[in-house]
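Asker: Return a 3D structure for these sequence lines:
(one chain, ligands or ions: 2)
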Amino acid sequence: MQNRYEFDYLIIGSGAAGLFAASKLAEHGKVAVVNKGEFSESNTWYAQGGIAGVMDATDSVEHHVSDTLQAGCGLCHEDAVRNIIGRGNRIIEELISFGTAFDSDNGVLHLTREAAHSHRRIAHAKDATGKAVGEALLAPVARNPNIKAFPRHMAVDVITARHLGRYMQGPDRCFGAYVLAPDGEVITIAAKHTILATGGAGKVYLFTSNPHVATGDGVAMAWRAGCPVMNMEFIQFHPTCLYNPLGSTELLTEALRGEGAYLTDAKSRRFMPEYHALAELAPRDIVARAIDYEMKKQGCDFMYLDARHLGSDKIEAHFPNIMQRLLKIGIDLRTQPVPIVPAAHYLCGGVQTDVAGKTPVDGLHVIGESACTGLHGANRLASNSLLECLVMAELCAELIAGDTTQRPPRLPEWDASGVVPATERVQIKQNWEEIRTTMSNYVGIVRSDERLRRARRRLAMIREEIASYYWQHPIGRDLIELRNLSLVAELIVRSAQQRRESRGLHFSTDHRDTLDKPHDTVLAPDLL
Ligand code: FAD
Ligand code: SIN
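Answerer: Ligands and ions are numbered 1, 2, ... in the order given. Reported below is the predicted structural model:
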């Protein structure tokens, strides 16, 4: 079996960011797209609500910019916001040209609403927008002769000059990545440019809307390659995920509240009007905290999302997929309130980049949810992330297309000498559970100095254990993910400890005030 490949562009991850970049770059060279699972297993594929863009005559880019800045609680980078938001309507039009079937009435897009948006501006394909976008982006990639797909191939680490001992001075350079093939061999993929488009890290928490693939691999790989991370403390908890003690949780789109659904307690009391003038449509951080507070105050495991008054016709037309999935577990959205809890949903921080995904390592780019451009600030406005993925992919492709960088040098093969098969795997299982429980109990919606201290101590110990296991035994997907997950968890905690205030998604009982002067939390890797 071939264990060495060379391409112009190596893209790791096949969500919206990776696929869009691939189709743009295939016009300029040979592209490899690597995914650790099937191409349809990504946060993108599960997106429900839609993609935000200014498509209505009563709306304007200024309104969308202003809503984004307000949701971001003073921490958005306005230049990034203007750059990305300004491209929204063109991106939606391009998605339509790719074949995305957004809902429309007589040729006019149907725009739904989500929390903290002052206007209806979310283009959607019923309640399964991500699948529609993913399928449209995947089709041209699948038939393009310039693109080679590597499903079930997992990137282990990127390869840099520093890693090879060839680093002299100035910026480091990336030459490609080591990738675990389905047969367990680690192959080498060399490329002039490597793009990490690996999505988020919801699996750091016990309860998440994210699929299993969201283990923060790109953030961890970029960090190990020397890239700083920014604002990792801002984990967005989605207010309305299904409370399902017998199975996995799943998202109940914010568009339900956008179309009028209520949040209630067990006595059918609507509580959100007590917390914010926008009630159920307040920014996500406020809604998630209010639910958390009510649950703790009332000693309940969940609150309810009540959509009954929207009427069967509207529910069946706009939310058919959610309705069907709930019916399978015995809940009828048309006639019953649905038990909900907030769950980890989106990584607002990530690898510090510009809007084109540029990092300090030449030839290494990070785009999509793994990156932090400053668009989201301390709290992401709903449906801005698919937009950010696509804009970043486009700008990254523009930046590197046709680049005359020389081919990478011949790279050494992965060295697996000295490793011995593991006799048991219980350590991996234990560490996975410990990380996720620690993060959920100590680094959730409400934090304190003591909780963060405890989490930091435990995570440091777990990371040490993983490091020794990692270098002694052959690597597999769960071990690679565990190593990445533990690093990302630590970065979240360390960032949270640096923020001595409450802002947006970071709320601390020891630092309740918001400082006058907003500042980003930037952590730089210690390469020594
Ligand atoms: P992803 O789509 O997550 O793709 C990353 C890919 O990288 C995955 O396929 C993964 O398998 C692969 N990968 C990861 N690590 C490796 C590795 N080591 N090697 C190889 N491959 C790897 N945003 C909106 O704007 N609107 C919405 O309506 C919306 N709804 C959402 C609903 C849900 C349930 C969720 C979870 C998210 C939602 N979001 C929404 C957020 C949005 O979907 C994501 O932020 C966005 O899709 C991320 O795209 P991406 O391309 O960066 O990453
Ligand atoms: C949702 O549909 O509620 C998710 C939207 C988002 O996270 O942007």
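
Asker: dump the residue contacts of the residue nearest to V366 when sequence neighbours are not counted.
Answerer: Nearest non-adjacent residue to V366, counting by Cβ to Cβ, 6 or more residues apart in numbering: V351, 4.2 Å away. Quick note: C-beta positions are derived from backbone N, CA and C, even for glycine. For V351, the contacting residues are 196, 218-219, 222-223, 227-230, 359, 366, 370-372, by Cβ atoms under 8 Å, 6 or more residues apart in numbering.

Asker: distance of L95 from A132?
Answerer: 9 Å (Cβ to Cβ, to the nearest Å).

Asker: sorry, back to before: just grab the bridge partners of the residue nearest to V366 for me.
Answerer: Counting by DSSP bridges, V351 forms beta bridges with V229, A371.

Asker: hmm, back to that, can you work out which residues contact both of L95 and A132?
Answerer: With Cβ under 8 Å, 6+ apart as the test, L95 and A132 both reach F102.

Asker: out of those two, which sits in the busier spot?
Answerer: L95 (25 against 21; other Cβ atoms under 10 Å).

Asker: is it fair to say that one lies in a helix?
Answerer: Yes - the assignment for L95 is a helix, going by DSSP: H, G, I helix; E, B strand; the rest coil.

Asker: That one and G130 touch, don't they?
Answerer: No - assessed by Cβ atoms under 8 Å, L95 is found out of contact with G130, at 11.6 Å.

Asker: what about P409, how many neighbours?
Answerer: 12.

Asker: Tell me who's in contact with the closest residue to it other than its chain neighbours.
Answerer: Excluding its sequence neighbours, the residue lying closest to P409 (Cβ to Cβ, 6+ apart) is F175, at 6.8 Å. By Cβ under 8 Å, 6+ apart, the contact list for F175 reads 159-161, 164, 190-191, 194, 363, 408-409, 411.

Asker: hmm, the helix or strand in which A397 is found in reach of ligand 1?
Answerer: Here A397, judged by DSSP states H and E, is contained in helix 385-400. Yes - using Cβ under 6 Å from any ligand atom, helix 385-400 reaches ligand 1 at 385-386, 389.

Asker: Same list, those residues, but only the ones touching ligand 2.
Answerer: Okay, of the residues of helix 385-400 next to ligand 1 touching ligand 2 (Cβ under 6 Å from any ligand atom), that's S385.

Asker: correct me, but E394 touches L25?
Answerer: No - here E394 lies out of contact with L25, judged by Cβ under 8 Å, at a distance of 10.4 Å.

Asker: of these two, who's got more company?
Answerer: Legend: neighbour count by other Cβ under 10 Å for E394 and L25, higher for L25 (27 against 22).

Asker: Any of the contacts of F175 buried? List them.
Answerer: 159-161, 190-191, 194, 363, 408, 411 (16 or more other Cβ atoms under 10 Å).

Asker: Quick one: low-confidence residue ranges for this protein.
Answerer: Within the chain, the ranges that satisfy pLDDT under 70 run 1, 527-528.

Asker: how close does the closest residue to ligand 2 within it get to E259?
Answerer: Ligand 2 sits closest to G49 of the chain, with a gap of 2.6 Å, by Cβ to the nearest ligand atom. With distances taken as Cβ to Cβ, G49 is found 11 Å from E259.

Asker: follow-up on the earlier one: which ones among the contacts of F175 are found in strands?
Answerer: 159-160, 190-191, 194 (DSSP state E).
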